[in-house]
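Q: Sequence plus predicted model, see below.
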Amino acid sequence: MTRSPTGESGRPLGAAGPLASTLVAVLTAVGLGCAATGASAAPSATAGLDPRPVAESDIRGVVAAATGRDVLVLRRAPENTAPGPAAERVTRRAAENAAPEPAAGPATRGSSERAGPQPPVVDARLRKPASTRKGQPVRIQVSAADLDVSVRPTGVAEDGTMELPDTVRRAGWYRYSALPGSRVGSTVIAAHVDTRAEGLGPFAGLAELRKGDRIVVSDRSGTEHGYRVRVIRQVTQSRLPVDELFDRGGAPRLVLITCGGAYDARNGYHDNIVVLAEPDS
Amino acid sequence: MRRRMLAIGAATALALCGLALPAQAAEQAQLSVLHGVPELTVDVWVDGKRTLDDFEPGTLAGPLKLDAGTYSVAITAADADDDSDPAIGPVDLELESGGNYTAVAHLKENGDPTATLFDNDTSQTDAGQGRLTVRHVAAAPAVDVLAGGDPVVENLSNPDEASLDLDAGTIEAAVAATGTTDPVIGPADVTVEEGVLTIAYAWGSLEDDNLELATQTISGLHSGPGGVHGGEAGLAASSALPGAFAALIVGLAGAFVIRRSPRSAAVRSGR
């Protein structure tokens, strides 16, 4: 039970007794997630949670192994998975539009000729997206791991992997992932476990975390967002389930990633250490 | 018993998963409507029903979720009693399953009103990138689209479009008559958000000096990064020894199997 059931050992998921019911719970959760996804025909519906066999998906196995029956459901929010200002604007505009409609409509024309409710109408003039700067994470603290490092936004490195700060003294927040405190999606923070110049860094402590340990992420406005560790797992780097870990939809959660496992000079670390945490509410 | 019920629940959920996705996501199309005819408030009729009332220039409606099929769209003056005397159309819009479309009421190059159905490219973008689509729907000759003063799209004519996948960020965009760099629209800061399709429409009329830029965004095109390489020195390689130990055990087991059965040994040696 201490190993990830979908790790490289190839042990079939659900072979062990307790795992079987867990697997069922996960399947149910995934199914619900898919059903919710199906309800939304947005392009986002096809991204991320594809209905491939669960046994191939590490993180679901990871979640199952660590949480038992109490499964952390990785599913999408049913609607409006993009929590951006545009969506809010649309909603507000829709409300504005909807309000005067009944008064103006029936007086001159029969409402029966209408094809249903008026779709949202927005001003299409070019405008800047609202700044998310205040909500960006700037610090992460995990007292159980004696970890307290600053965080800066990062993007994608030239090789297509997530860009990380060069120093172990700083972590990177994937700037396209959710802001901490966001109501949907995964907030991803990652850092080097070590560098040749600096040696071992604070993120080496992630491997020592236990379920229930508290994580605090502070944003630029000074707000502290608390999380509780749900899962810690070691995943082969090439099998890192990025679609799930970097999912923009689903329940709000914090994902911490660093490196670990076996190391060889040519290929570096073989594994990623992944910590999945839920908002502490 | 409890396990069996859970199993039934799971089977049902998976069945829903298999059925619901193709049935709903695939069969419905999404249609947005952009009004790009200056100074004309209109009503939009779909299959004879008033779908958009008092639709103003420079506004965007939708998306409407519609079953795949052909829809007849007519655009009338805002006070029309029915769609028998349309200003534009009626035009037939063919919407395919799962498609994402924008119908644009706009001016032709010669200034006559018309409607064009565009197919929005919502295919996945690489991590860190967004897509910019530019559409020429203005009463104006062919144009170049400039980013930071340099042409990135050349000789775009009404009602054509061009698409670029770009690193997320803000570009200073402008539209100029083709072969020139003197802007007729802009320069304006256009933000290309990661995983988002931003569609910029050049609309209006050059002659009437009311050329403008309209934008539409469609999110959810993103993909995750290729992985996370979070270390370089090997100092945290805690499981190196257990790993070697496991390899030793696998090796011993393999040797054992070789003696028992050469055929399964061939399979095992692939590890």
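A: Perfect, I can see it now.
Q: May I have the predicted confidence score for the residue in the stretch 151-271 of chain B that chain A sits nearest to?
A: Closest to chain A within the stretch 151-271 of chain B is B:G220: 2.9 Å, counting by C-beta to the nearest C-beta. C-beta coordinates here come from the backbone N, C-alpha and C atoms, glycine included. With respect to pLDDT, B:G220 scores 94.
Q: all strands for chain A, in order.
A: In chain A, the segments counted as strands under DSSP state E are A:121-123, A:137-142, A:147-154, A:170-174, A:186-190, A:194-195, A:199-200, A:214-219, A:224-236, A:253-264, A:268-279.
Q: Report the buried residues of the longest one.
A: Using 16 or more other C-beta atoms under 10 Å in any protein chain shown as the burial criterion, the residues of strand A:224-236 that qualify are A:225-227, A:229-236.
Q: cool, and the second one?
A: Taking 16+ other C-beta under 10 Å as the neighbour-count basis, strand A:137-142 is seen to contain the buried residues A:137-138, A:140-142.
Q: Describe which strands it pairs with in its sheet and in which direction.
A: strand A:147-154 (antiparallel), strand A:214-219 (antiparallel) (DSSP bridges).
Q: B:T102: what's it in contact with?
A: B:31-34, B:62, B:117-118, B:120, B:199, B:216 (C-beta atoms under 8 Å, 6 or more residues apart in numbering or on different chains).
Q: Low-confidence ranges, the stretch 1-150 of chain A, go.
A: Counting by pLDDT under 70, the stretch 1-150 of chain A shows low-confidence ranges at A:1-116.
Q: quick revisit: the buried residues of strand A:137-142: which two are farthest apart?
A: Pairwise distances across the buried residues of strand A:137-142 peak at 15.3 Å for A:V138 and A:V142 (criterion: C-beta to C-beta).
Q: From A:G260, how far off is B:D82?
A: Distance, B:D82 to A:G260, by C-beta to C-beta, to the nearest Å: 69 Å.
Q: Have a look at these two and say which one is more surrounded.
A: A:G260 (25 against 15; other C-beta atoms under 10 Å in any protein chain shown).
Q: excluding its backbone neighbours, what's nearest that one?
A: In this structure, A:G260 finds its nearest non-sequential neighbour in A:I273, 4.1 Å apart by C-beta to C-beta, 6 or more residues apart in numbering or on different chains.
Q: got a list of what that neighbour touches?
A: A:193, A:206-207, A:232-234, A:257-261.
Q: surely A:P279 meets A:Y227?
A: Yes. If you go by C-beta atoms under 8 Å, A:P279 and A:Y227 touch, sitting 5.9 Å apart.
Q: between these two, what contacts are shared?
A: A:253-254.
Q: Test my guess that A:P119 contacts B:L64.
A: Yes. Counting by C-beta under 8 Å, A:P119 touches B:L64, with 5.2 Å between them.
Q: and for those two, which residues touch both?
A: What both A:P119 and B:L64 touch, as defined by C-beta under 8 Å, 6+ apart, is the set B:T51.
Q: near chain A, which residues of the stretch 151-271 of chain B show up?
A: Residues of the stretch 151-271 of chain B found near chain A (C-beta under 8 Å from any C-beta of the partner chain) are B:168, B:188-191, B:193-195, B:200-201, B:212-240, B:243.
Q: Buried subset of these as a ChimeraX selection?
A: The ChimeraX command for the buried members of those (criterion: 16+ other C-beta under 10 Å) is given here:
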select /B:168,188,190,191,193,194,195,200,201,212,213,214,215,216,217,218,219,220,221,222,223,224,225,226,227,228,229,230,231,232,233,234,235,236,237,238,239,240,243
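Q: pLDDT averaged over stretch B:98-114 - what is it?
A: 96.
Q: list the buried ones in it?
A: Those would be B:98-107, B:109, B:113-114, for stretch B:98-114 by 16+ other C-beta under 10 Å.
Q: Tell me which two of these sit farthest apart.
A: Maximum distance among the buried residues of stretch B:98-114 (C-beta to C-beta): 32.0 Å, for B:G98 and B:E109.
Q: Show me the residue at the heart of chain B, geometrically.
A: In chain B, the C-alpha nearest the mean C-alpha coordinate belongs to B:T122, at 2.5 Å (C-alpha atoms, centre = their mean).
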